[in-house]
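Peer 1: how would this look folded up:
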Amino acid sequence: MLEAITWNHYFSILAIGLTAYYLGIAILYYPQELRGLVSGKTMQFNLSPLQEKERHLSKTGANEINPLEELEITVAELKGILGRAGNLTDPYQLLDQLRDALSNHPGLREPAHRVAIYNFLQRHIPKYTPHSFSESELKALWKE
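Peer 2: Numbering: from 1, shown residues only. As a prediction, the model looks like this:
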């Protein structure tokens, strides 16, 4: 019986079956995207949560931002700086980068946020870099 099926028939049935399967998946799990594709709208790719928050921050003013969201964004930014800081030989260059990152987030001037960021930096700087900073150096990051 299998000798009666040619390779052309096999690949034709396989192509039809796969097309039907993925079309069913698209209809079942992605109906909004599929409607947008059919209507001719441009597709927008999903952003990572951090990129989505930054995009939201750029659209809205700083007054409308939830302080906890701003704190999460700042911590992610500081992790990125600390991750790249292992190569830095000058500790003051790292302090300047941290100061610049913190100056971009004026909503974190409250003492509770300062303490949270200070504790984060105190715990993570030794993990990522060979540098160590005193308490006064870390608290001076908020001074302008």
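
Peer 1: all helices for this structure, in order.
Peer 2: For the chain, applying DSSP state H gives helices covering 7-29, 31-39, 49-59, 67-84, 91-103, 111-128, 135-139.

Peer 1: Present those helices as TSV; the columns should include distance to Met1, mean neighbour count and mean pLDDT.
Peer 2: In short, each C-beta sits where N, CA and C put it, glycine included. Below are the helices of the chain laid out as TSV (distance: least, C-beta to C-beta, whole Å; neighbours: other C-beta atoms under 10 Å; pLDDT from 0 to 100):
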stretch	distance to Met1	mean neighbour count	mean pLDDT
helix 7-29	13	10	95
helix 31-39	38	11	83
helix 49-59	54	12	60
helix 67-84	60	16	81
helix 91-103	70	16	81
helix 111-128	65	14	82
helix 135-139	77	12	79
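
Peer 1: how close does Ile13 sit to Trp7?
Peer 2: According to C-beta to C-beta, to the nearest Å, Ile13 stands 11 Å off from Trp7.

Peer 1: Which segments of the protein make up each domain?
Peer 2: Listed by automatic domain parsing, the domain ranges of the chain are 7-39, 49-142.

Peer 1: so how far is Glu3 from Asp100?
Peer 2: Applying C-beta to C-beta to Asp100 and Glu3 gives a distance of 73 Å.
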